[in-house]
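>>> A predicted structure for the sequence below; I have some questions about it.
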Amino acid sequence: MAASAHLTVVGLGGSMAKVSRSRAALVSALQGAAGAGAETELLDIRELNLPMYNPDDDAPTEAAMRLIESCHAADGMLWASPMYQGTISGALKNALDWLHLLRDRDPPFLHDKVIGLVSAAGGTQGLQAINTMEFSVRALRGWAVPYVVPVAGAARVFDPDGQVREPAIALQLKTLGMEVVRVTEKFSSNGSLHRQAECEQAAERVATAG
Ligand SMILES: Cc1cc2nc3c(=O)[nH]c(=O)nc-3n(C[C@H](O)[C@H](O)[C@H](O)COP(=O)(O)O)c2cc1C
């Protein structure tokens, strides 16, 4: 077994649709992570069926609790969004909003988690959804791996049963999963990471720098 067997990579994404290409892409990328030796978990947006996040009433439901705890426990993540109106879906954004409940944890939010990004678009503008997700990665204090997979013409790329028809895309998705494991291993092998004191020092440095 690979040295990364102790690492957990959590996949978050897909759409509310029964047949979701972004979910199929996410599963494929998770297989890449599993092939590199990580434990994997799929947080399927359709299955989670989260209520709309409301800061005035944010007691987490069972599904929201699963989302929050799995994301916080993960070493690495893969996010996959459908391309909706030129950006990410509302359902994925809502899931990310629920992660606000991680603000008081130690470490807070997704501090130092390595995140791989995937999108599935009907057309060719999938990179816009990737870029939008990257804003949230940074807001949640994670690190996006530079290699990203915006799947264009998604209806042609996936079978209705979720199998990838194009070997080149299948390879890209698996490579991304492996890449998340590779970089996560580097972060995890540094004992100084994932500590509250380190977060506070980093925040102080940023504040001092103005
Ligand atoms: C509400 C909605 C908005 C969409 N907007 C775009 C878009 O702006 N650009 C695009 O290329 N495809 C767009 N599409 C097509 C989807 O990106 C495509 O069907 C993709 O496979 C959806 O992901 P899913 O299969 O995981 O549901 C849109 C689809 C829907 C339902």
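On my side now, so go ahead.
>>> beta partners for P82?
A120 (DSSP bridges).
>>> Which pLDDT does the model give it?
In this model, P82 is scored at 98, pLDDT.
>>> Equivalent analysis for the one 4 residues further on, please.
According to the per-residue confidence, G86 scores 97 in pLDDT.
>>> The closest residue in space to A34 that isn't next to it in sequence - how many residues pack around it?
Spatial nearest neighbour of A34, chain neighbours left out: T40 (4.9 Å); criterion: Cβ to Cβ, 6 or more residues apart in numbering. (Glycine included, C-beta is placed from N, CA and C.) Using other Cβ atoms under 10 Å, T40 has 22 neighbouring residues.
>>> For the protein, which segments are assigned as strands?
For the chain, the strands defined by DSSP state E occupy 8-13, 39-44, 76-82, 114-120, 143-144, 149-151.
>>> Tabulate these in a markdown table, adding columns for distance to A59.
Shown next, in a markdown table, are these (distance: least, Cβ to Cβ, whole Å):
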| stretch | distance to A59 |
| --- | --- |
| strand 8-13 | 21 |
| strand 39-44 | 19 |
| strand 76-82 | 24 |
| strand 114-120 | 27 |
| strand 143-144 | 30 |
| strand 149-151 | 36 |
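>>> quick one, which of those strands is nearest to Q31?
For the strands of the chain, the distance to Q31 is smallest for strand 39-44, at 8.0 Å, taking Cβ to Cβ.
>>> I'd like to know which elements the closest one is packed against.
Judged by 3 or more Cβ pairs under 8 Å, 6 or more residues apart in numbering; DSSP states H and E, strand 39-44 is in contact with strand 8-13, helix 21-35, helix 62-73.
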